[in-house]
Each structure stands twice: as C-alpha cells, then as structure tokens.
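In: I'd like to go over a predicted model; first the sequence, then the structure.
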Amino acid sequence: MTDINQDHYLPAGAIGLRASGWWGTWFLLISEASIFAYLFFSYFYFSIQPPANWIPGGPPSFAFSAPQTAVVLIGCLTAWFADRSILLNRVLLALLALLATVVLGAGFIALQFLDWVSKPFTLSSSTYSSEYFVITGFHLAHVVVGWLMFVMLFVWTALGYFDGVRHVPITIGKLYWYFLAVIWLAVFFVLNGTPYFF
Amino acid sequence: MALAAAASGMTAAPAAAQETASHGLSFMTGFGPSNYGVVTLLYAVLIISLAVIAIIGALVLSGMLIRRAGGAATSLETVPLERSSSGLAFIYIGIAISFVILTGVLVWNYVVLAEVSAAPKDIAARIHVIGHQWWWEVRYEGEPAQTFTTADEIHVPVGKPVRIELTSSDVIHSFWVPALGGKMDTIPGQQNHTWLQADKPGIYRGQCTEFCGAQHAHMGLIVVADAPEHFAAWRAHQLEGPLTPHAESEVAKAAQGQSVFMHNCAVCHTVRGTLANGKVGPDLSHLMQRRTIAAGTLPNTVGNLSGWISNPQHIKPGNLMPTLRLSAADLNSLRDFLKTLQ
Amino acid sequence: MTTTYEDIPDVYQRLPEVKSRDDRSLREKLHSMWETTPGIRGWLSTVDHKEIGLRYLVTAFIFLIAGGIEALVMRIQLAGPNAHVLTPEQYNQLFTMHGSTMIIWYAFPVLSGFSNYLWPLIFGSRDMAFPRLNAFSYWVFAASGIFLYTSFAVGAAPDAGWFNYVPYASKPYNPGINIDFYCLANIFMGISTTAGAINFIVTTLRTRCPGMSVNRWPIITWGTLSANAAAIFAMPVVSLAFFFLWMDRTFGTHFFLPSGGNLTGHPLLWQHLFWMWGHPWVYMIVLPAQGIVSDGLPTFCRRPLVGYTAVVLATVATMILGFGVWVHHMFATGLPTMAMSFFSAATIIITIPSAVQVFSWIATIWTGRPVFTTAFLYFASFIFLFVIGGVSGFMTGVVPVDWQLTDTYFVVAHLHYVLIGINFFGVMGGLYYWFPKFTGRMLDETIGKINFWLTFVGFNVGFFTMHITGLLGMPRRVYTYPAGIGFETPNLITTIGAFILALGILAFIVNVAYSLRRGAIAGNNPWDAPTLEWSVSSPPPPYNFAVIPSVASRHPLWEARLQEGDGESVLDRGPILDDHHETMGVSPMDGEPDVILKMPGESYMPFVVTLCISALFAGLLAHIWTLAGVGAAVGVIGTIVWLWPRLEAGERMVAES
C-alpha cells in the first residue's frame, strides 16, 4: 500500500483533472464567490433598515438583466460544448464553441454597460446606487476576466496545444464560466428579485 | 454671594452641594446599581483567571522541573524516546473542569447582562448626550420650558436613575463613567441609550472611549451626584440667564465684556439669556458653575480659562477652537463677562 | 505485473524510475536542474520555496522591528503624564502603523515563511504546488509593505487606528491621503495572502509523498491549513470593506457615511465587515504558531505529542468557531442584547478547543523527558503566556464586564499576550528549532538563554502591568494622560519592560549574526527529531529529496524506536522523478500516488506582475488613472505570459510517437 511499486505507471504532467491548476481554481473561485456573499450581506444590511423604499424609481427593470441572464446561460452551454469537444479531440468544434463563448462574453459586457447607462442614478447618488453599481461592477469585472480567458483559450487551442488528455485550461475556463453564471443568477435574484418580496 | 465667590477666583455652586472625593476612572468599585453586579462578576472572573494562570503555571513549571532530562548541552540522541502512557487524562480532566467553570460564568453573564440592560422605572431625568469632536453636548429633556443644554458636566440626583440617550454629531465616540456603569458608543445616525444611577453624592469622572481623532485623549466629562433637592435647585438655576451684577462699575465692565463675547465667541457658543446662539462649540451658560473646562481637561479656574481662551491649540492641539488673538484689554473684559455666568 | 492507465496514451504516462538516494550522478543531475541561477537573474526569478521562505522570514522581521520602533517611541511618550515628545497627530500615526505593521505585515507573513520553507520538506516533496505563485505572493507582500511605508515618507501615514473606524476615517474627517494609503495597501497585501492561501491548501492536499495519509500529516500543517482555509473566506470581506471605504472617499459613494434620507450609509457596517475578517485573522496568526509548538515541543520532550487527533480537531474547531465571535468587538455599540448573548457564548466556548491544546502540551511535558534548550524554554513559556492571554480574553467575553474593560489598556494587555505570547514566542522557539535546518549551523545556546530571559522578563514586566493600567481605567489610543489618577507608575513600568523586551530581540539578532559565522555545524538532525525535513542535509539541497520517500507513520524517523505505523517508511530508495522539475501528486486523504507533477522553474513573471500591480495601486492612490490603467494592462499581459502552456511542464499535448 505505501511502498512505491516498481510496476505502477503514473501519468506525468497536466493530465485530465489531475493538474494542480484545477484544484487551485476551485479555491480561488470559493474565495471570489465569498466576495459576492459579503456584497449581498452589505446590500441586505441596508435594505432591511429604515427607510423602506430605498430604491429610487422602484425595483430595477428587467430590460437588460433578462437578456444578460440568457446570454450567460447560453455561454454555459457553449463552454461545456468546448470542453466536451476537446475531450473528444474535435479541435475545430472546440474552436467554434470557444469563439461563440467569446462573442457571448462580449455581448454580456455590452448589455451591462447599456444597463448602467439607462439608470436614472449615478454611482454617488445614494446608498442603493452605490450598492447597485458596485455589485454589478464586481460581476462585470469577473466577466471581463472570463472574456480574456476565453480569448486566450481560443488562441492556444488554435495553436494546437490541447487534446483529449491535456486540456485542463479549457475545463478550467468552463468551470469559471459556470461560476460567472451562478454568481450572475445570485446577483439577478438579489437585485431584481428581492425588491418584490421585501 | 456667588458673584463674590467668583470675584475671588473660585468656582461656586448655587447651593452647598456635597462635594465628596472625586472618583477616578477605576471601575473596581461600583457606585450605582448599573455597576454592583458587574463589579462582583468582574472580581469573580478575575479571581478565576488568576487561579487558572497559577495552576497552569505550576503545572508547566513543575512538569519541566520534575521530568527534566538535561540542559541545553545535552545531546538529544542520548535521551531515549518515551513510549509511555498516552497522557490523554490531562486533556479529559482539564476540559471537564474548564467546561464546568465556563458554563457557570456564561449563565452568570446572562443574569448580570439582563439586570444591567433592564430599563429602570421612575426615571428622574432624561438626558440627551451628543458626542462632538472633542466635547460632550448635554441636553436635559422634558417639557419645552424645562429643557436646557449644557456641556461636559452632567448632574444627577443621588439614588435615582437617569436615562441617557446617546448619539453623535460627527464621528463615533463612546460615553463612559466607569464608577457608575459600562460604556455605550455614540454613533452618528443612530440612537443608543443607557442609564445611570449614583448612590453616593460625589464627582465621578468620565471619558470618551472610542478613538475619535486628535483630542480623543482630552474628551472627558464629569457626573456630579447631588442630593435630590440640590439637583432640583441646580436644574432650576440652569434655566435662568446670567447674573446681573449689582455694583455700577461691574455693570459697565460686564457689558463691555459681553460685547467682546458677542464679537468673538457668539458665533460658536450659546449663553442663555443673551443673544449668543452659536451651536458649533459647547454651550457656555453658567460656565463658572462647572468644575472643569475643555471637556474635563483642566480645572475651571480663572487662570486656566484665560489660558484656554488665549491659546486653545496649546492645550488641545488640533481642536476646533481657533486662536483668537485678543488684546489683553479684551481678554480682561471677556473675563469679567464670563464671571457673571454663574 | 505492471499496471497502466488505459484511458491515457502511453506518451503521457511512465513508470517512475527507482534508485537509491545516495546515487551520486542522480544528485548532481537534480542539483543542476533545481538550483537557482546565481546573481541578480536568479534573485528576481527564483521559485525555490526555501529561498522564498527565508525572504518571508527576513522581511517579516524587518516589519517586526519597524513596528517595534514605533512602539518604543510611543512608550517614551507615555512614560510620563502630559508629555510632549509627540504631537497628537504623530502619536496617532505611530499607533496606527504599529498595529497594522505587526498584525498584518509581520504576524502572518512570518508564519508563511516557516510554512513556505518547511512544507515541501515536511511532506516529502520537491516543491509547493504553485512555485511561481509562491514567488509572487512574496513579492506582493514586500511591495505592499513598501507601499504602506511610503506614507511615512510623505508625512501622511494612516492615523485612524489599525481598525480604522468610520466616520473618523471617512473623507470629511480625514481628508488627507493617509487613509487612502491604508485602504489600498491592505487590499494590495490581501492579494498576497489569498494567493498564498491557495498555494498552501493545494500543496497540503496534493503534493505530499506516498503514504502520508491525512492522519499522518505532521501536526504543524493543521494549524497552517486551518489558517489558510480561513483566509479563503475571510480575506474577501475585509478587502470589500477597504474597497467600499476607498470608493466612499474617492467617488462619493454612500456605504459608510450617514447622510440622512435615502443616502443613509451606516458606520456600523464598517465594523461588521472589518471584524468578520478581523477576528478570524487573529486566529490565523496564532494557530500556525501553535502548530509550531505542537511540532517542536514533542521533539524536546522526547515523545510524540499527546492527543494528536484531539489537537487536530481542536485546531480546526477553533478556526471555524473563530468566524462566529466577531461581534464581541462591538459589544458597546448598542446592538440588541439577544445578539450579544449569542456572540458572548461563542466567545466563551471557543476557549474549550484552546484548552485542549494547552492540556495536550502540558501532558507532553509531564509524560516526556524535557531537555532545556532555548527552543524548549520558548515553547514551555509559550504555554503559560497563551493561558494568560486566553483568560483575559475570556474575561472580556463576558458582556457586562466587557462594557468596563473594552477600550481600556486591559484589552491592550490581552491582545499583546495572545499576539506576542503565542505568535512571537512560538516563532522564536521555531527559529531556534529550525535555524540549523535553514543554515546548517546551530544558534548559540548561551546567547540564546540571554535572549530568552530578556524577552520573557521584559515582555511580562511590560504587559502584565498593562492589565492593572486597564483596571485603573486608562483608555486606549490616547497620546497622553493626566497626572494624579494613578496612571503614571504602571505606564513607566510598561515602558521599562518594553525596552527590556527590545534588548531581548536585539540579543536574538546578535545570536543570528554570530551563529551564521561561528555557530556549531548542525548535521542533518541535530535534535533527533521525527519528521521528514530532518532526513535531508542542513541546509537541504535545492531539490530537497534525491528520491521521493514513502512514509508509514506520523514520525518516520522515530517509528522504529516507537514501533508505530503500518509497515515501514522507506527513505533511502524511491522514485527519482528527474525528467524535469517533478514531484509526486497524491490523493488528498490516503496519500496514494496519483500523478507525476511537472513544476515550473524560474520565471520573471511573478516579479513583473508585482511591479504592474504596484503601478496600478500607485495610480489609484494618486488618482493618476492612466498609470493605473497601464499597470493593469501590462499586468494582464504578464499574467498571460505566466500562464502560457509550456511543453516541458506537461501543459501542452505531445504528438504520439
């Protein structure tokens, strides 16, 4: 059990999910997700205190946030597909899926800016506006990082770096996109949903 | 009588209030019901703590000495490894005893906490204390005709509870009169409250205990506990205006002084019964009645007062009172006016 | 019978070659593969965890001395009443910088220094899981410290306390650049802490030697693992607090300033966010030190630690409970009694797991045969000081008592007993213990005794007295105090004690300087200690282990004499893993070999990216947005270069042959 068998092969290098980077990313994402948990804490800290109706102009509109939700969820599909494709050594399909994710990411960023510009308040108008822009801003910053990530994944895949065995960066990219989606759903629920409940 | 006393440079009270020994900032003795239970509990946990330190210290030291295998020069390979008993008994016994003591203290904690937090009935006064950088605004609440403002000194009747409502006008401060009770922060945008009762007449020191800037160290206050009739007299007197001097010469001096005051001081300070209505600095009505100036920093003597007015930055560097550069003549007149604020 | 992975092409797997560790040509090959390039190139690009560990220790000590000097100047001011050695503003800057420096730039990095140096050695591995990230977390630590201390150079050091309560730290009351330095330096440092935390966790879970299952991890790793796991959850909340404050100050957001109506920020939000990090942080800076003692004390008592499992559980429990007590810093803020009762109970309960560890150490002494080296004296006195700090904390956990004790010198005494008594004394013992391993020489025992006694006496004279000062009612954070209410004598005693403590630290520096040149040569294992780091030379070769060991017990070097373990540890033969910078990756719980990890070698990117981040923060501080933007952009490019998949590190596909 503990002695090194002289006859036991071992994978060498970043094989599948054995790579350290996979583990490291999980812990990084837990830490980043905590940021949002605390952001929501601060949001609710204010929302439950007087005065009620702290949102100027009523609950935020779905005009942009609904499409954003759709975009981020479709991106989950394309990212998943990219990972699946590279696992099966279908490099071209992987490239297409990665490219689609890049486009979707750009779309999300654009929608976020449109949402911001449409608001009747600015960053320093009120506590609510401060919370709104900082929460969505943190998420946006993470999306920008994700977008850059997928651009690089596209480049590296095009350079022929990945195959069915060594592909963990794409899997990490997929995991990251899932993270973006989960966080977005939470943001969406807190900012767009909870004003209707209390 | 009061004016004569003031003319001789001594502070005086409107009636002969009992001035027993002043209490410092120690809280090891309680002088009010906010504190008795706490002091007992404090002594209990202190004794428990000292006992634990002594026992653990003895265990470590005796273990070291009894079991010693050698000094620094000993080569560790020459001391064979112990394969003996597990030693877990130390942990079991230690935890069992600790657990019992901790549970006991926890329960006692809740009992005292409930006792101290309970709002007393029959409040003798409701006092609003507002923290400022670096002084205390004190407003006695009640019917509109009965409310008044003073600063840095709170009077309470002996043996009766008063309710203190706390907020801040700028940064977070903390209100603390150790001999009479625990701390409570004054937080801008928030109303806190606490209560005090002094069972013995005397002067009790207080201090701001939340870091609030350059002169946090010099933001004290005092609580004066008087017999109830003296307290009532003091309170009534606070509603009055300044004394009018009798002698003709004094009247002119006071008027001249008041003019200096209006020009230089009224922007920030209020004196009831005059046109001075500034809200930036402490209310100075009946200033000469107070035992201290500059938030408990100096005894209220004419010398200290003059020194303060000429150069407040020397005594409390960074405080918000500007250096006025009054001429000696103006300073003299001002002093004459202030002496009427009995 | 050979077993292979069927789903993995042959080109990606191999049979690790096994040799003897004394094989000379193997050692030479590994040496030239792993050694740091000499000169400035190596200095900027090294990823050798041992070098990084030593840098952490030295830099943390520099911050210790800086914080110490700040304290000594404060103590001169406080030696007598109404002194005018310092203006209020100078005092406020000093006590703020003293707190931040000690608690953030000394106390955690010094422990990271030990962990960095020791973990691969303790785990039987060649490197940490993320060598470049390791280098990066050091550079960021150093850069953020320089960033913070630049504030002194421009006369605008933070001055609102290390805890920096708003509104005093908000723009209207503190308009200068002082607090901006504070916010940004702390966020900057947080990057280092988080990066380091990820590294330690993955290293502990993945890069150990075969056979080192979870119940065989040396006890010291549990303290560090708990602390770093906590960092993952705790760092974000305080970085958010600093960020909110910086936004309030720079862009006029409304997180903290109460401005009425719909604009209502809330000052207490700062306190919640700060202490939700702050309390776990203080456990993070003591649990690894407790781990040092749990690991070192048994060596000098010639027996394994009593109650390994109990101590592991107690360590983890302390850290978890540590997240549930933060409101005890806010008992005087007017919160509901019910809420305070809960946190008070948690604060009192958390002493139980600490007590488990105390009794374990006492039991180890009583059932062992202690040898009185300087290291042992530090470890033994640590137990005593820990308890003093613990009971004063217990006292302040009782709410109505805390209403008297909080914000007085009693709390200052408490916090110094836990920080100096646990962290510093643990570190000192650890340095005496591992200095031979780091340098190949023993620290002198005579100077060591002088060092120990000066430190012990000075510390207790200075800080035990502070309990009394607090009970007399002296408030904290005051630049002076009046005469006549009993504060003069205890303050003078404390000042004297502080200077004696300083002499003790000076004696330590003298000992290091002397022993580096003239200390007795240490062999591999001068203390006859049980764990793997003592099986290699002192100092270890750059590759740590010529062959990867496999372990069968908690104490590989003692197991024969103790007759413990499952089979036998094998240290003299093992996989040579010499194809590139390689080490073994194992399953987290059982320690079964899982993969041969290919580690990156030297790289300039960690240093370059740190420079970029420094530019970013400098730009944010000075409101030079272009500088910030350029810093960020170049940093992104640097990160991309850093992460570029490398063929030799097994990150890219290889054509099948």
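Out: Yep, it's here.
In: three-state assignment of the nearest residue to A:Ile109 once chain neighbours are set aside?
Out: In space, and not counting its chain neighbours, A:Ile109 is closest to A:Val143: 6.1 Å by CB to CB, 6 or more residues apart in numbering or on different chains. Yep, even glycine has a C-beta here, placed from its N, CA and C like the rest. Look at A:Val143: counting by DSSP: H, G, I helix; E, B strand; the rest coil, its state is helix.
In: can you tell me which residues contact A:Val143?
Out: Going by CB atoms under 8 Å, 6 or more residues apart in numbering or on different chains, A:Val143 touches A:105, A:108-109, A:112, A:180.
In: Where does pLDDT dip in chain A?
Out: A:1-6 (pLDDT under 70).
In: how about the strands of it, start to end?
Out: With strands called from DSSP state E, chain A shows them at A:10-11.
In: tell me the contacts of the closest residue to chain B within the stretch 1-150 of chain C?
Out: Closest residue of the stretch 1-150 of chain C to chain B, CB to the nearest CB: C:Pro88 (4.3 Å). Going by CB under 8 Å, 6+ apart, C:Pro88 touches B:214-215, B:217, B:317-318, C:479.
In: what pLDDT does it get?
Out: pLDDT, C:Pro88: 96.
In: Please apply the same query to C:Ser259.
Out: Predicted confidence (pLDDT) for C:Ser259: 61.
In: now do the one 4 residues further on
Out: Looking at C:Leu263, its pLDDT stands at 49.
In: what does the one 3 residues further on give?
Out: Here, the pLDDT recorded for C:His266 equals 90.
In: my read: it touches A:Gln49, true?
Out: Yes: the pair C:His266 and A:Gln49 passes the contact test of CB atoms under 8 Å, sitting 7.1 Å apart.
In: coming back round to it: quick check: of the contacts of A:Val143, which lies closest to B:Asp336?
Out: Relative to B:Asp336, the closest of the contacts of A:Val143 is A:Gln112; by CB to CB it sits at 69.9 Å.
In: Just give me the neighbour total for that closest one.
Out: 20 (other CB atoms under 10 Å in any protein chain shown).
In: what sits against residue 128?
Out: By default, I'm working from chain A. Per CB under 8 Å, 6+ apart, neighbours of A:Tyr128: A:46, A:54-56, A:121, C:262.
In: Chain B is the one I meant
Out: B:138-141, B:164-165, B:167.
In: So which of these are in helices?
Out: With helices taken from DSSP state H, there is no overlap with the contacts of B:His128.
In: From those residues, list just the buried residues.
Out: B:138-140, B:164-165, B:167 (16 or more other CB atoms under 10 Å in any protein chain shown).
In: give me the residue from chain A nearest chain B.
Out: A:Gln49 (10.0 Å).
In: now do the stretch 451-600 of chain C
Out: For the stretch 451-600 of chain C, the residue closest to chain B is C:Gly473, as judged by CB to the nearest CB, at 2.7 Å.
In: Go ahead and confirm that residue touches B:Pro178.
Out: Yes: if you go by CB under 8 Å, C:Gly473 and B:Pro178 touch, sitting 5.0 Å apart.
In: For those two, work out which one has more neighbours and name it.
Out: Higher neighbour count among C:Gly473 and B:Pro178: B:Pro178, with 29 against 25, using other CB under 10 Å.
In: Show the end-to-end separation of stretch C:480-489, please.
Out: 14 Å (CA to CA, to the nearest Å).
In: May I see the buried residues of that stretch?
Out: Across stretch C:480-489, burial judged by 16+ other CB under 10 Å covers C:480-482, C:485-488.
In: With stretch B:175-192 instead?
Out: Buried, per 16+ other CB under 10 Å, within stretch B:175-192: B:175-190, B:192.
In: Is there any residue in it that contacts chain C?
Out: Yes: using CB under 8 Å from any CB of the partner chain, stretch B:175-192 reaches chain C at B:176, B:178, B:181-185, B:187-190, B:192.
In: Quick check: the farthest pair among these?
Out: Maximum pairwise distance among the residues of stretch B:175-192 next to chain C (CB to CB): 26.7 Å, between B:Pro178 and B:Gly189.
In: Intersect the contacts of B:His128 with the contacts of chain A.
Out: Of these, not one also sits near chain A (CB under 8 Å from any CB).
In: show me where the stretch 251-400 of chain C has strands.
Out: C:371-372 (DSSP state E, counting those that start in this stretch).
In: got the residue ranges for the helices in it?
Out: Counting by DSSP state H, counting those that start in this stretch, the stretch 251-400 of chain C has these helices, from start to end: C:267-284, C:287-301, C:308-321, C:337-349, C:351-366, C:374-397, C:399-405.
In: show me the contacts for residue 77.
Out: Picked chain A for this. Neighbour list for A:Leu77: empty [criterion: CB under 8 Å, 6+ apart].
In: hmm, I had chain B in mind actually
Out: Applying CB under 8 Å, 6+ apart to B:Glu77 gives the contacts C:Asp528.
In: What score does it have for pLDDT?
Out: Reported pLDDT for B:Glu77: 91.
In: Equivalent analysis for the one 10 residues further on, please.
Out: Per-residue confidence for B:Gly87 comes out at a pLDDT of 90.
In: same check, this time on C:Gly635
Out: Looking at C:Gly635, its pLDDT stands at 97.
In: so it touches C:Leu616, yeah?
Out: Yes: counting by CB under 8 Å, C:Gly635 does reach C:Leu616; the two are 6.6 Å apart.
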